[in-house]
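Asks: A predicted structure for the sequence below; I have some questions about it.
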Amino acid sequence: MKFKAFLVLFLIIFTNQFLLSEKQGQEKLDSLLKVLPNAKNDTAQVSLLAKLSASLQSTNPDNGIKYGKKGVKLAQDLDWEKGLADNYVSIGLNYTLGKSDFAKGKLYFEKALETYKQLDLNLEIGKTLVNIGIVYRSQSLYDKAIEKYEEALVIFENLKEKERIASTLGNIGYIYRSQSDYAKALEYYQKSLSMFESLGNKSGIATNLGNIGMIYDFQSDFKRAIDYYKKALKINRELEDKISEASILANLGSVYLAQKEFRNALKNFELSVDIFDELGNQYGVASLLTNIGIVHQYQSEFTQALENYKEAVNIYEELGSRTGVANILGNIGELYSTISQDSILLKIEKSSNLVSLDKQENLQRSISNYNRAIKILEEVGDLDTRSRFLLGLSNSYKLKGDFEKSLESYKEYISLKDSVFTEKTQTRIANLEAVRENEIKDKELEIQNLEITQAKNERWAFIGGAVGIAFIAIIIFRQRQRSEKLLLNILPMKIAKRLKKKERLIADDIDCASIVFIDLVGFTAYSKDRKASDVLQMLNDVFDKFDSLIVKYGLEKIKTIGDGYMAAAGVPEPCADHSVRATNFSLDIHIVLDELNAKMNTNIQARVGIESGPIVAGVIGEMKFAYDLWGDSVNTASRMESTGVPGFVHISSNVKRELDSQIHNFVFEELEPMEVKGKGEMITYMVHRK
């Protein structure tokens, strides 16, 4: 049985926050509530309210905000500035981590930051900068987040706050992991780990070992992932940190499952679920029961899998977790679709009323569970999971022979998949636009303040003239913003900055980069009998998708030539993992083309070629200038494309060597030696994901 992509497996994500278990958190909360009625209306009560507010961030943020606001009022009555700022921080934590209201969270953190700066409390300033970094991280404004973390790092380093330095390094690692820049993430996690090791902080060591394990896990380097997870597990057991132990066991189980080591997967999942049950963590129990169900389903033990899924659904319903319920219902839908296949039905023994030997009955159950899951996900607004379950539903209708509904579900899947991309993009743009507007407002205010100062110092100037100058300055600033935006659509940011500094000759020698050439196959036939506007619209749709992948994997788009597309990784900023980025980008090209073909009823494919090696990168021309690449590596990349096969990615031995020096999840198919124009006989490869 193939393990379908839309089956939901729960993976426990680590952060650099050291979390209490539910029981431990409740004990802390109870002790604070017990002290509160006897506390006097003094600074001690202000501090108590701040602690109480912060402790409620994950369980009852609304109450946490109420306690924080009481602390604010009392601090104001007592005229105690530090207590006021402490409660602002606690309120910010409730809005940010408890309610995901990042705008309000940031507002309170900034109020606290301003007060701490007035009081010259550097440690508190550093901690609050980290909190603001978390807000930016949650909004996917990763550059802003790193900026705040780095500001905090400088403060912690000056104060010699080594534990906070180590934690902040880990937070930066988390950002790079979120961007799928695993090499950078690993670099920062290793730095954080080294510091925690020098401090003898076992909790920090274990957290970073778990995070490093997850990096290898994401890249399918399972041997290393298991090694790091086991090291983390050993320390967590020594510390009797049960919640972390259970989480590591769950992730170990997922690694073994990915390798089809079902016995080990089941063993680790069962150990994990026992600990979560002991801690009273019902979310953990439900998640692990789901994973156990997946192991049984993978081994064609369908009755046992269904029993696990049903138990998990009951827990999620008691917890009021509609998303949890929907995820399991989708898994059940997939299971019934699987057992409706004739080859599977022959192997099933009727052992309970959960499983039927009737194909149509199983398909109807599959459709029913998928529809229930999709309805819930529509109500809660989870577009991503809903789109995956619509694909499963389409397959079940197809097996049932209801091709009309199968097509209807598939169309909805395609539409929703596009919406998921659009919504994520629009959210990102909206967040960036908000930051840009704030920066413009700050600039306008700065200009106005300068003009006011100038008017005071130069009393002979006309008031109207001062206002006019300020107005013109704002217009110039906005025009400059628009010009810069246009410039950045033509040139990389680094190159644009150099041009603005009047650098006349821009030509950089880059030791090693990866160049990608793409040629659309079938485009000429498509365009033959169509209007020019339709052809251009189709080409625009294709290249828009390619551009999105450029952003996703951190490449630089170089140019388009007709129906050809050229990109590069490692320019203008060199990076060690350029070959990995280029290969991931190239493999995803075929995925987006398949989706577009299904949507537009076309048959456009691509030949893709990659070469890695030294190049020269620079700007040519003075009027319609362009950023371009030159060198033998560029020519070879073009040859890799022209000698490639539609639907595949063709690479040279140089690319393979570069990939083998990095962590990757690719496999290579060596081709017969071929004669390549201008190069002679070459050994080349087709590359695939594992």
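Replies: Now that the structure is in, tell me what you want to look at. Numbers count the residues shown, from 1 in each chain.
Asks: Are we agreed that residue 610 is in a strand?
Replies: Yes. Inclusion of residue 610 in a strand is indicated when DSSP: H, G, I helix; E, B strand; the rest coil is applied.
Asks: Verify the stated contact: it with residue 651.
Replies: Yes. The criterion here is CB atoms under 8 Å, and residue 610 meets it with residue 651 at 4.7 Å. C-betas here are computed from N, CA, C, even on glycine.
Asks: measure residue 679 to residue 667 for me?
Replies: Using CB to CB, to the nearest Å, we find residue 679 at a distance of 24 Å from residue 667.
Asks: Pick out whichever of the two has more residues nearby.
Replies: Between residue 679 and residue 667, counted using other CB atoms under 10 Å, residue 679 has the larger neighbour count: 14 against 11.
Asks: so where do the strands sit in the stretch 251-400 of the chain?
Replies: Here the stretch 251-400 of the chain has no strands by DSSP state E, counting those that start in this stretch.
Asks: Mark out where each domain of the chain begins and ends.
Replies: 420-490, 506-689 (automatic domain parsing).
Asks: Compare the mean pLDDT across these and name the weakest.
Replies: Among the domains of the chain, domain 420-490 has the lowest mean pLDDT, at a mean of 43.
Asks: Please list all residues in contact with the most centrally placed residue in the chain.
Replies: Nearest to the mean C-alpha position of the chain, by CA atoms, centre = their mean, lies residue 178 at 4.0 Å. Contact analysis of residue 178 by CB atoms under 8 Å, 6 or more residues apart in numbering lists 137, 140, 142.
Asks: burial count for residue 70?
Replies: Residue 70 has 18 nearby residues by other CB under 10 Å.
Asks: same thing with residue 249?
Replies: 24.
Asks: which residues touch it?
Replies: Contacts of residue 249 (CB under 8 Å, 6+ apart): 233, 268-269, 271-272, 275.
Asks: need those residues in a markdown table with pLDDT, can you?
Replies: Formatted as a markdown table, these follow (pLDDT from 0 to 100):
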| residue | pLDDT |
| --- | --- |
| 233 | 95 |
| 268 | 94 |
| 269 | 93 |
| 271 | 95 |
| 272 | 92 |
| 275 | 91 |
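Asks: Quick check: which ranges of the stretch 201-350 of the chain have low pLDDT?
Replies: 342-350 (pLDDT under 70).
Asks: and if we set it to 50?
Replies: Residue ranges of the stretch 201-350 of the chain with pLDDT under 50: none are present.
Asks: which residue sits closest to residue 128, ignoring its sequence neighbours?
Replies: residue 113 (4.6 Å; CB to CB, 6 or more residues apart in numbering).
Asks: Work out for me the element that neighbour sits within.
Replies: Residue 113 is located in helix 102-119, with elements delineated by DSSP states H and E.
Asks: So which other helices or strands are in contact with that helix?
Replies: Contacts defined by 3 or more CB pairs under 8 Å, 6 or more residues apart in numbering; DSSP states H and E place helix 102-119 against helix 81-93, helix 122-138.
Asks: Can you tell me which of those helices is packed in deepest?
Replies: Comparing these by mean neighbour count (mean count of other CB atoms under 10 Å), helix 81-93 comes out on top with a mean of 25.
Asks: Show me what that one is packed up against.
Replies: helix 43-55, helix 61-78, helix 102-119, helix 122-138.
Asks: Going along the chain, name the helices of the stretch 451-600 of the chain.
Replies: Per DSSP state H, counting those that start in this stretch, the stretch 451-600 of the chain carries helices over the ranges 463-490, 493-500, 523-527, 532-553, 578-600.
Asks: The closest residue to residue 84 other than its chain neighbours and residue 119: what is the separation?
Replies: Excluding the flanking residues, the one nearest residue 84 by CB to CB, 6+ apart is residue 75, at 3.9 Å. Distance from residue 75 to residue 119, counting by CB to CB: 13 Å.
Asks: the more surrounded of the two?
Replies: residue 75 (24 against 13).
Asks: okay, that one: pLDDT?
Replies: For residue 75, the predicted pLDDT is 92.
Asks: cool, the one 3 residues further on as well?
Replies: On the pLDDT scale, residue 78 is placed at 90.
Asks: got a list of what residue 255 touches?
Replies: 217, 222, 225-226, 229.
Asks: Can you check those and name whichever has the most neighbours?
Replies: Neighbour max across those (other CB under 10 Å) = residue 229, 28 neighbours.
Asks: Tell me if I'm right that that residue and residue 250 touch.
Replies: No. Checked against CB under 8 Å, the pair residue 229 and residue 250 is beyond contact range at 9.9 Å.
Asks: Identify the contacts common to those two.
Replies: With CB under 8 Å, 6+ apart as the test, residue 229 and residue 250 reach no residue in common.
Asks: burial measure for the closest residue to residue 407 other than its chain neighbours, as a count.
Replies: Sequence neighbours aside, residue 394 is the residue nearest to residue 407 in space, at 7.6 Å (criterion: CB to CB, 6+ apart). Using other CB under 10 Å, the number of residues around residue 394 comes to 22.
Asks: Give me the neighbour count for residue 677.
Replies: By other CB under 10 Å, neighbour count at residue 677 equals 10.
Asks: So that it lines up with my notes, have the first residue be 19 from now on.
Replies: With the count now opening at 19, the last piece we talked about shows up as residue 695.
Asks: Please give me every residue in contact with it.
Replies: residue 657 are the contacts of residue 695 under CB under 8 Å, 6+ apart.
Asks: sorry, back to before: could you name every residue contacting both of residue 628 and residue 669?
Replies: What both residue 628 and residue 669 touch, as defined by CB under 8 Å, 6+ apart, is the set 601, 658.
Asks: List the residues that contact the residue nearest to residue 533 when sequence neighbours are not counted.
Replies: Excluding its sequence neighbours, the residue lying closest to residue 533 (CB to CB, 6+ apart) is residue 655, at 3.9 Å. Listed by CB under 8 Å, 6+ apart, the contact set of residue 655 reads 533-535, 627-629.
Asks: one more time with 10 Å, if that's ok
Replies: If a contact means CB atoms under 10 Å, 6 or more residues apart in numbering, then residue 655 has 532-535, 584, 586, 600, 626-631, 633, 647, 649, 668-670, 672-673 as its contacts.
Asks: Which secondary structure state does it sit in?
Replies: helix.
Asks: Could you pick out the buried ones from the contacts of residue 655?
Replies: 532-535, 584, 586, 600, 626-631, 633, 647, 649, 668-670, 672-673 (16 or more other CB atoms under 10 Å).
Asks: hang on, residue 118 in a strand?
Replies: No. Secondary structure of residue 118 (three-state DSSP): coil, not part of a strand.
Asks: Just list the residues touching residue 680, thanks.
Replies: 200-201, 237, 594-599, 601.
Asks: Using JSON lines, lay out these together with distance to residue 621.
Replies: What follows is the contacts of residue 680, written out as JSON lines (distance: CB to CB, whole Å):
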{"residue": "200", "distance to residue 621": "35"}
{"residue": "201", "distance to residue 621": "37"}
{"residue": "237", "distance to residue 621": "33"}
{"residue": "594", "distance to residue 621": "38"}
{"residue": "595", "distance to residue 621": "33"}
{"residue": "596", "distance to residue 621": "32"}
{"residue": "597", "distance to residue 621": "30"}
{"residue": "598", "distance to residue 621": "30"}
{"residue": "599", "distance to residue 621": "28"}
{"residue": "601", "distance to residue 621": "25"}
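Asks: For stretch 241-248, what is the distance to the chain centroid?
Replies: 22 Å (CA atoms, centre = their mean, to the nearest Å).
Asks: Lovely, talk soon.
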